[in-house]
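*Asks:* here is a sequence with its predicted model. Questions after.
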Amino acid sequence: MDALPLVALVAVSAAVAGAARRTPVPPPLLLVAAGLLASYLPGVPGYTLDAHIVLPLLLPPLLYTAAVDSSYLDLRANLRPVALLSVGYVLFATVAVGWLAYLLVPDLPLTAALVLGAVVAPPDAVTAAAIARRVGLPARVTTILQGESLVNDATAITAFKVAVAAAVGEGMSWGAGIGEFALASVGGIVVGLLLMVPLHWLRTHLKEALLQNTLSLLIPFVAYAAAERVHASGVLAVVVVALYLGHRSWQVDFATRLQEAAVWKMVAFVLESAVFALIGLQLPFVLRGLGSYSLAEAFGYAVLVFLAVVVVRFVWVYPASYLPPWLSSRIREREGPPSWRSALIVGWAGMRGVVSLAIAFSIPMVTHDGEGFPARNLVLFLTFTTVIGTLVVQGLSLPLLVRVLKLPRRSARAETLAEAQAQNEASTAADAALDELLADQRNELPDPLVERLRAVMERRRNAVWERLGATNPVTGESADDTYRRLARVMIATEREVFVRLRDERRIDDEMLRALLRRLDLEEAAAYRESDDA
C-alpha cells in the first residue's frame, strides 16, 4: 500500500492549519477551502471517506480530546439544555428536515429523505470546539454547544440505522427503533461507567509516564470498540470515560500530565487538520452519479435543504430556551431569564462536519430487495453541500454575529482575581504544611534550602497578584513576567553551554540529555508560560 498520499494529506493539511492560525479566518474553513481546490488539481489522489475508518479510528480520539477538555461540572449544571439539543433536537431535525426534503426535492422517497435528515442532524464536535475557541463565546454557550456535539452523534447514528433499515426494506417498527435507541444510549453509558474506574486505576498505578501515555492513546479506541462490540453506542462510552478521566486528571503525576498534554495537543491538531481537509476533498465523489439530476438542479435543492437545516434548528432552539423557564419556577430561579442573544448564537452555531459525511458514505449501495438505494448519490451530494454551507456561511459569520450582539465575555480581571485568591489560599495551606514538616527532625534542612522553598512558594503567591498591579512602563510587563523572561534567558544560556561542552566532547550525549531534561523540568515547573489558544 502506498503511504505517500496519507503522508502528503497530513503534511499539507498541517501546513495549511498552521498558516491559518496567523490569519483571521478560522482554520477549519481554510482547510475545507484548500481541500476543495486540491480536489481538482492534477496529480492529487482521490481521498474517499470510509465510514469503517472514520467512525472507529478518527471519531474516538477526536471525541476524547474534546470531552477531556470539557468540564464535567459545567455539563452537569447545563444537563437540561444539553439533553434537549443532543437528543431532542437531533430526533426533531431528523423528522423535520427529512419531511421538508421530501416535499422540496422531486422524486426523493420519504425513506431516503429521513436518512438524509438523520445524516445532517448532528452538529459536529470538532467543528463546535474549533469555532468556539476561535470566536470566544460566553462560557455557558460554549458548554452547551460542546456538550451537545459530544452526545448528539450517538442519537444521530441510531436514528440513521433506523431510517436505513426502513429504506432498504427491513421493516423496522417504531417499537424496535425505540428499543435500539435505548440499547445504544443506555448500553454506551453503562460500558463507559464500567471502564472508567479500572482505566483510571491503571493510569494512577503505572509508574512510567511513557506507559501511562501509551494507555492514554489507547483509551478512546478501547472504550469505543468495547461498546460497539455489544451493539451499544461507542460515542457515549468514549465521552463518559473521557469526562471521568478529565475530572480526575489531577490524580495523575505531573510528568504524565506534561507529556499527555503535549501528545494529545499534537494528535488533535493533526487529526482535526486532516479531517477538515478531507471534507473538501470529497467534492469529486459527491458530484459523480447524480443520475437524472442536473448539476444546476442539484445545487438548487442543496440551497433548499441548507435553508431547511438552518430554519429547523431555530424552530427548536427558541422554544427549548423559553418554554422550560416559563413552565418551571425552579428553572427560572436557577438560570434566570433566557437570553434571546444566547439562543440566537446557539441556533446559528450548528455547523456540521465530518461525522455527517462519514455516516452518509456508509449508506448501503443496494436495498434488501437487491435494488439500488434510492437517490443515494443525491443524498451524498446534499449532505456535502449542507456541511460546506454551514461551515462557510455560519462559520464565517459567527465571529461577526458575536461582535454585533455584544455578548458578555469573561472578565479577565475577575478571573485573575479569582485565580489570585485561590493561589493565596493554597499557598497559606502549603506554608502551614511546611512548618509542620520542618518541626519533625526527620525533615531537617539547612536554612538556605528552607528559605528557597519559602521563596518559591511566595513567588507563586505574588505572581498572580502582580498581574493585577502595575506594569513596567517600558516593556508593559509585570514583575513576574520580567522575572520569568530573565529566568528563561538564564536557562537558555545554560543549555547553550551544555551543548557546547558536548560538541567539545567534554560530556557525552547521554549526560547532555540528562542535563537538558533537568532544565526542561525546572522551566516547566517554575517558569511556565501561558497556554496559546
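*Replies:* It's in. Residues are numbered from 1 along each chain as shown.
*Asks:* so the closest residue to Pro338 other than its chain neighbours: helix, strand or coil?
*Replies:* Distance criterion CB to CB, 6 or more residues apart in numbering; nearest residue to Pro338, sequence neighbours excluded, is Ser321 at 4.7 Å. For glycine as for every other residue, the C-beta is placed from the backbone atoms N, C-alpha and C. Ser321 falls in the helix class when you classify it by DSSP: H, G, I helix; E, B strand; the rest coil.
*Asks:* so how far is Gly88 from Ser321?
*Replies:* Distance, Ser321 to Gly88, by CB to CB, to the nearest Å: 12 Å.
*Asks:* so which strand or helix has Pro24?
*Replies:* For Pro24, there is no helix or strand it lies in under DSSP states H and E.
*Asks:* which pLDDT value belongs to it?
*Replies:* Note on Pro24: pLDDT of 77.
*Asks:* need the contact list for it.
*Replies:* For Pro24, no contacting residues are found, by CB atoms under 8 Å, 6 or more residues apart in numbering.
*Asks:* now do the contacts for the closest residue to Ala308 other than its chain neighbours.
*Replies:* Once flanking residues are discounted, Ala308 sits nearest to Leu100: 4.2 Å by CB to CB, 6+ apart. If you count contacts by CB under 8 Å, 6+ apart, Leu100 has them with Leu304, Val305, Ala308, Val312.
*Asks:* return the distance of the residue nearest to the spatial centre of the chain relative to Thr214.
*Replies:* Nearest to the geometric centre of the chain sits Ala66, at 3.1 Å (CA atoms, centre = their mean). Separation of Ala66 from Thr214 (CB to CB): 21 Å.
*Asks:* burial count for the closest residue to Leu344 other than its chain neighbours?
*Replies:* Leaving aside its sequence neighbours, Leu344 sits nearest to Leu405 (CB to CB, 6+ apart; 6.9 Å). Neighbour count for Leu405, taken as other CB atoms under 10 Å: 14.
*Asks:* may I see the buried residues of the helix or strand harbouring Gly300?
*Replies:* Taking DSSP H and E as the criterion, Gly300 maps to helix 295-327. The neighbour-count check on helix 295-327 (16 or more other CB atoms under 10 Å) flags 298, 301-302, 304-306, 308-310, 312-313, 316-318, 320-321, 324-325 as buried.
*Asks:* repeat that for stretch 497-505.
*Replies:* Phe498, Arg502.
*Asks:* okay, now the residue nearest to Arg461 when sequence neighbours are not counted: neighbour count?
*Replies:* Using CB to CB, 6+ apart and skipping residues adjacent in sequence, the residue nearest Arg461 is Ser427, 4.0 Å away. For Ser427, the number of neighbouring residues by other CB under 10 Å comes to 16.
*Asks:* repeat that for Ala487.
*Replies:* 14.
*Asks:* TSV please, covering the contacts of Leu100 and showing pLDDT and distance to Leu398.
*Replies:* Compiled in TSV, these are given as follows (pLDDT from 0 to 100; distance: CB to CB, whole Å):
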residue	pLDDT	distance to Leu398
Leu304	95	22
Val305	95	20
Ala308	96	20
Val312	96	18
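*Asks:* okay, the angle between the helix or strand hosting the residue nearest to Ala308 and helix 295-327?
*Replies:* Per DSSP H and E: Leu100 is located in helix 90-104. Here the directions of helix 90-104 and helix 295-327 differ by 140 degrees (axes from the mean of the first three to the mean of the last three CA atoms, to 10 degrees).
*Asks:* same for the helix or strand following helix 90-104, what does it pack against?
*Replies:* Using DSSP H and E, the helix or strand that follows helix 90-104 in sequence is helix 110-120. In terms of contacts (3 or more CB pairs under 8 Å, 6 or more residues apart in numbering; DSSP states H and E), helix 110-120 is packed against helix 90-104, helix 139-167, helix 295-327, helix 354-361, helix 376-389.
*Asks:* hang on, the earlier thing: please enumerate residues in contact with the one helix or strand the residue nearest to the centre of the chain maps to?
*Replies:* Using DSSP H and E, Ala66 sits within helix 59-68. Applying CB under 8 Å, 6+ apart, the contact partners of helix 59-68 are 125-126, 129, 146, 149-150, 153, 217, 219-221, 223-224, 234-235, 238-239, 241-243, 245-246, 249, 264, 267-268, 271-272, 275, 355, 358.
*Asks:* what's the neighbour count on the closest residue to Gly35 other than its chain neighbours?
*Replies:* Nearest in space to Gly35, with sequence neighbours left out and distances taken as CB to CB, 6+ apart, is Gly280 at 2.1 Å. Residues within reach of Gly280, counting by other CB under 10 Å, total 24.
*Asks:* buried set for the helix or strand where Gly280 lies?
*Replies:* For Gly280, the host element (DSSP H and E) is helix 254-281. For helix 254-281, a neighbour-count test (16+ other CB under 10 Å) marks 256, 258, 260, 264, 267-281 as buried.
*Asks:* for that helix, packing partners?
*Replies:* For helix 254-281, the packing partners by 3+ CB pairs under 8 Å, 6+ apart come out as helix 4-20, helix 27-38, helix 59-68, helix 125-135, helix 209-229, helix 354-361, helix 376-389.
*Asks:* and Gln259, what does it touch?
*Replies:* Going by CB under 8 Å, 6+ apart, the list of residues near Gln259 reads Ala209, Leu210, Gln212, Asn213.
*Asks:* what is the nearest of those to Ala15?
*Replies:* Using CB to CB, Asn213 is the member of the contacts of Gln259 that lies nearest Ala15, at 25.9 Å.
*Asks:* I'd assumed Arg248 was in contact with His200.
*Replies:* Yes - between His200 and Arg248 there is a contact under CB atoms under 8 Å: 5.8 Å.
*Asks:* neighbour count winner among the two?
*Replies:* Comparing His200 with Arg248 by other CB under 10 Å, the one with more neighbours is His200, at 19 against 15.
*Asks:* which secondary structure state is assigned to that one?
*Replies:* Using three-state DSSP, the structure places His200 in helix.
*Asks:* what's it in contact with, if anything?
*Replies:* By CB under 8 Å, 6+ apart, the neighbours of His200 are Tyr244, Leu245, Arg248, Gln251.
*Asks:* just the buried residues out of the residues you listed, in ChimeraX syntax.
*Replies:* In ChimeraX syntax, the buried subset of those is picked out as below (16+ other CB under 10 Å):
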select :244,245
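*Asks:* may I see the contacts of His200 organised as TSV, with distance to Ala163 added?
*Replies:* Shown next, in TSV, are the contacts of His200 (distance: CB to CB, whole Å):
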residue	distance to Ala163
Tyr244	32
Leu245	34
Arg248	38
Gln251	43
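*Asks:* now the helix holding Gly280 and helix 209-229, what's the angle there?
*Replies:* Going by the same axes, to 10 degrees, helix 254-281 makes 50 degrees with helix 209-229.
*Asks:* quick revisit: next secondary structure after the helix holding Gly300?
*Replies:* helix 329-335.
*Asks:* any stretches of the stretch 251-400 of the chain with poor pLDDT?
*Replies:* By pLDDT under 70, the low-scoring segments of the stretch 251-400 of the chain are 289, 291, 366-372.
*Asks:* how does it look with 50?
*Replies:* For the stretch 251-400 of the chain, no stretch has pLDDT under 50.
*Asks:* and the helix or strand containing Val239, how far from the chain's centre?
*Replies:* Using DSSP H and E, Val239 sits in helix 234-247. Remark: helix 234-247 is offset 13 Å from the chain centroid, using CA atoms, centre = their mean, to the nearest Å.
*Asks:* ditto for stretch 277-294
*Replies:* Relative to its chain's centre, stretch 277-294 lies at 27 Å (CA atoms, centre = their mean).
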